[in-house]
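Asker: Sequence and predicted structure are below.
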Amino acid sequence: MRMRHLVAVLVVGLVAMGAVAQENLANYRTVPLPERIDGIKNSNFRLTDACLVNYPTGNREMERNAAMLSGYIEELTGMHLSTRPTVNPKDRTGNISLLIDSKLENSEGYSITVTAKGVEIAGRTAAGVFYGIQTLRKSLPIGKTNFVLMPSAQVAASPRFVYRGMHLDCSRHFFPVSTVKHYIDMLALHGMNKLHWHLTDDQGWRVEIKKYPRLAEVGGWRSGTTLGHNSPVNDGIRYGGYYTQEEIRDIVRYAAERYITIIPEIDMPGHMLGALAAYPELGCTGGPYDVWGMWGVADDILCLGKDHTLQFVKDVLDEVMQLFPGEYIHIGGDESPRVRWQACPLCQQRIRDLGITSKGKQSAEALLQGWFTTEIQNYLSQHGRRIIGWDELLGCDVESSATIMSWRGAEPGAEGATLGHDVIMTPVGPLYFDYYQTSSTWNEPTAFGGCNTLKKVYDFEPVAEDLPADARHHILGAQANVWTEYITCEPQIDYQVLPRMAALAELQWLPADLKDYQDFKARLPRLVEIYKYYGWTYRAKSLVQDDEEKEK
Ligand code: TNX
């Protein structure tokens, strides 16, 4: 009897100890899943607040990385680790050391080596180290503790695609600087490196341009907003806002510190009512125009018959280039109706002057948009920049040096890549995150329509199977788009993107043959614990059941 009692106590004790150890154990099976997790041994590195985060002396970027890692560890476990510049390899014992290792092949790849003696996070660049830091961050158990056991292992990954993006529309609804930074934080956690920032549209111009102050002051404000999906009811509430150049510089810096390049989009020649309301002479009819309170595609676009319009666009882009140091500028190019150009004597004169005639399916007006795009492309390329445009550009005879964003499905992407364009895949199905995540929409926040479930996102393959071998390298990567006609506030952005963004991150990073949806779903709850820790809103239902995929 006493013996049995003793055994029972022992068993309960061991289970309890096991549970404690389990809770304090790091787990490298994160989202995205590292490509390799090798040689897990029965020994652990004991991470405590006596450990230091070492970084190479004199390397400012690595110093910042070390501070970020220390910050993450403190947030998630409560342990404060100091950072230390170091040159002596012996200092690595008992600590976490960040290193640059030129032997690593991929410029964004990382390797994490954990032994009982210490942890090393290496990258060929500081960006690679940053991704290793994100993996370590996501592998930590969450909750206050005074130690974490990190199993000995070799963990390594390099991203499958160079372009790993998310888009955010800040025109249809305007979001404060803090929300944009929060969005950048979400990108960083998911290992993404591009933020496509949609800054101008019919419903509001959101970037301060010093040479044309009315763009923000007038073009940034609409007198009201339609309720629902273009109902006849307008709320009549003046709505708007814009980012000052100083705010933009701050956001660009914040993103760069997280190895995220911001690609600004100035949509042209369509989706321009914000600018036309401010400067009506830029349109074919001369206005007056209003900043739009409806959704959709407006007929009034830039007049290409006037030299002044081209000068205006170049002036705007001069300031945009000053603000955004990245190589790419997105010049839109989508949904530009041609009715005004057809009726505009100046546009028709331009067509004649240029000797443009329709070619097959391409109207003279489509080729006029092509001429305009090429003018802008040349202008930007003189300044060392490259353009990205929506896939409508494929119908306008633009040069193959223009990068195409395939949104009207995956087919335009395949066509563009075959023609020699670089391509970013962002097809409405399944990468429009303004679309519903289920076909049972009755209890969902109002969305654009459609149905892009978590599984559909996960299963998306950016490089079509039948794409010719010599075109495959043109697929630079994938991006999800977040248009905000129906998204009015930060929690609603988060709800639309989380956890679909996790599925996107995994397909951006992991080789296709290593993807496994069930395994991903098993790993997802631990990532969601981090969302919860930061107070981010997410669609909890996506975790417990797979949504129906039938389109309504
Ligand atoms: C199409 S995607 C648009 C946007 C809308 C979006 C809504 C693209 C290039 N144009 O203007 O906001 O659909 O999903």
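Answerer: Received the coordinates, thanks. None of these values were measured; they are calculated from a predicted model. Numbers count the residues shown, from 1 in each chain.

Asker: The ligand contacts on the stretch 401-550 of the chain?
Answerer: By C-beta under 6 Å from any ligand atom, the residues of the stretch 401-550 of the chain that approach the ligand are 407, 432, 434, 448, 483, 485. Yep, even glycine has a C-beta here, placed from its N, CA and C like the rest.

Asker: how does it look with 5 Å?
Answerer: Applying C-beta under 5 Å from any ligand atom, we find that the stretch 401-550 of the chain lies next to the ligand at 407, 448, 483.

Asker: Give me the buried subset of these.
Answerer: 407, 448, 483 (16 or more other C-beta atoms under 10 Å).

Asker: Switch these over to a markdown table; also include secondary structure.
Answerer: Listed next are these as a markdown table, based on DSSP: H, G, I helix; E, B strand; the rest coil:
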| residue | secondary structure |
| --- | --- |
| 407 | coil |
| 448 | coil |
| 483 | coil |
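
Asker: Between those residues, which sits nearest the ligand?
Answerer: When these are compared for distance to the ligand (C-beta to the nearest ligand atom), residue 483 wins out at 3.4 Å.

Asker: give me every residue that touches the closest one.
Answerer: 169, 172, 198, 432, 434, 448 (C-beta atoms under 8 Å, 6 or more residues apart in numbering).

Asker: Buried among the residues you listed? Need that as a selection in ChimeraX.
Answerer: Applied in ChimeraX, the following selects the buried portion of the contacts of residue 483 according to 16+ other C-beta under 10 Å:
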select :169,172,198,432,434,448
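
Asker: Export the contacts of residue 483 to JSON lines and append columns for pLDDT.
Answerer: Output for these, formatted as JSON lines (pLDDT from 0 to 100):
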{"residue": "169", "pLDDT": "98"}
{"residue": "172", "pLDDT": "98"}
{"residue": "198", "pLDDT": "98"}
{"residue": "432", "pLDDT": "98"}
{"residue": "434", "pLDDT": "98"}
{"residue": "448", "pLDDT": "97"}
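
Asker: For the residue nearest the centre of the chain, give me phi and psi.
Answerer: What sits nearest the mean C-alpha location of the chain, by C-alpha atoms, centre = their mean, is residue 166, with 2.0 Å. Dihedral angles of residue 166 (phi, psi; degrees, to the nearest 10) stand at phi -140, psi 150.

Asker: does it really touch residue 185, like I thought?
Answerer: No: contact status for residue 166 versus residue 185: not in contact, 11.7 Å apart, counting by C-beta atoms under 8 Å.

Asker: residue contacts, the residue nearest to the centre of the chain?
Answerer: With C-beta under 8 Å, 6+ apart, residue 166 has these contacts: 183, 186-187, 192, 194-196, 479-480, 482, 497, 501, 504.

Asker: hmm, try it at 10 Å
Answerer: For residue 166, the contacting residues are 183-184, 186-187, 190, 192, 194-197, 260, 426, 431, 433, 479-482, 497, 501, 504-505, by C-beta atoms under 10 Å, 6 or more residues apart in numbering.

Asker: and it, what are its bridge partners?
Answerer: Bridge pairing for residue 166 (DSSP bridges) gives the partners residue 195, residue 480.

Asker: What part of the chain, helix or strand, is modelled with the least confidence?
Answerer: The helix or strand of the chain with the poorest confidence is helix 2-23; it has a mean of 47 (mean pLDDT, DSSP states H and E).

Asker: now, which of the contacts of residue 483 sits nearest residue 222?
Answerer: residue 172 (10.0 Å; C-beta to C-beta).

Asker: Next, the closest one: phi, psi?
Answerer: The phi/psi pair for residue 172 (degrees, to the nearest 10) reads phi -60, psi -40.

Asker: Tell me where the model's unsure across the chain.
Answerer: Applying pLDDT under 70 to the chain flags the ranges 1-22, 548-552.

Asker: can you rerun that using 50?
Answerer: Within the chain, the ranges that satisfy pLDDT under 50 run 1, 3, 6-20, 551-552.

Asker: which parts of it sit against the ligand?
Answerer: For the chain, the residues in contact with the ligand (C-beta under 5 Å from any ligand atom) are 334, 390, 407, 448, 483.

Asker: From the ligand, how far off is the residue nearest to the centre of the chain?
Answerer: 14 Å (C-beta to the nearest ligand atom, to the nearest Å).

Asker: quick check, nearest of the contacts of residue 483 to residue 472?
Answerer: Nearest to residue 472 among these, counting by C-beta to C-beta, is residue 432 at 24.1 Å.

Asker: so what's the closest one bridging to?
Answerer: Here residue 432, judged by DSSP bridges, has bridge partners residue 481.

Asker: Was I right to think it contacts residue 485?
Answerer: No: shown here, residue 432 and residue 485 do not form a contact pair, counting by C-beta atoms under 10 Å, at 11.6 Å.

Asker: Give the intersection of the neighbour lists for the two.
Answerer: With C-beta under 10 Å, 6+ apart as the test, residue 432 and residue 485 both reach 447-448.

Asker: mind checking which helix or strand residue 502 is in?
Answerer: Element membership for residue 502, per DSSP states H and E: helix 500-509.

Asker: Export only the CA atoms of the helix or strand just after that helix, formatted as PDB.
Answerer: Next helix or strand after helix 500-509 toward the C-terminus (DSSP H and E): helix 517-534. Output of helix 517-534 as PDB, limited to C-alpha atoms (Å, rounded to 0.1, in the frame of the first residue of the first chain):
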ATOM      1  CA  TYR A 517      -1.200  22.000 -44.800                       C
ATOM      2  CA  GLN A 518      -2.100  19.700 -41.900                       C
ATOM      3  CA  ASP A 519       1.400  20.200 -40.400                       C
ATOM      4  CA  PHE A 520       1.000  23.900 -40.900                       C
ATOM      5  CA  LYS A 521      -2.300  23.900 -39.000                       C
ATOM      6  CA  ALA A 522      -0.600  22.000 -36.200                       C
ATOM      7  CA  ARG A 523       2.100  24.700 -35.900                       C
ATOM      8  CA  LEU A 524      -0.200  27.700 -36.300                       C
ATOM      9  CA  PRO A 525      -1.600  27.800 -32.800                       C
ATOM     10  CA  ARG A 526       1.900  28.700 -31.400                       C
ATOM     11  CA  LEU A 527       2.200  31.600 -33.800                       C
ATOM     12  CA  VAL A 528      -1.300  32.700 -32.800                       C
ATOM     13  CA  GLU A 529      -0.100  32.800 -29.200                       C
ATOM     14  CA  ILE A 530       2.200  35.500 -30.300                       C
ATOM     15  CA  TYR A 531      -0.700  37.400 -32.000                       C
ATOM     16  CA  LYS A 532      -2.500  37.100 -28.800                       C
ATOM     17  CA  TYR A 533       0.400  38.300 -26.700                       C
ATOM     18  CA  TYR A 534       0.600  41.500 -28.800                       C
END
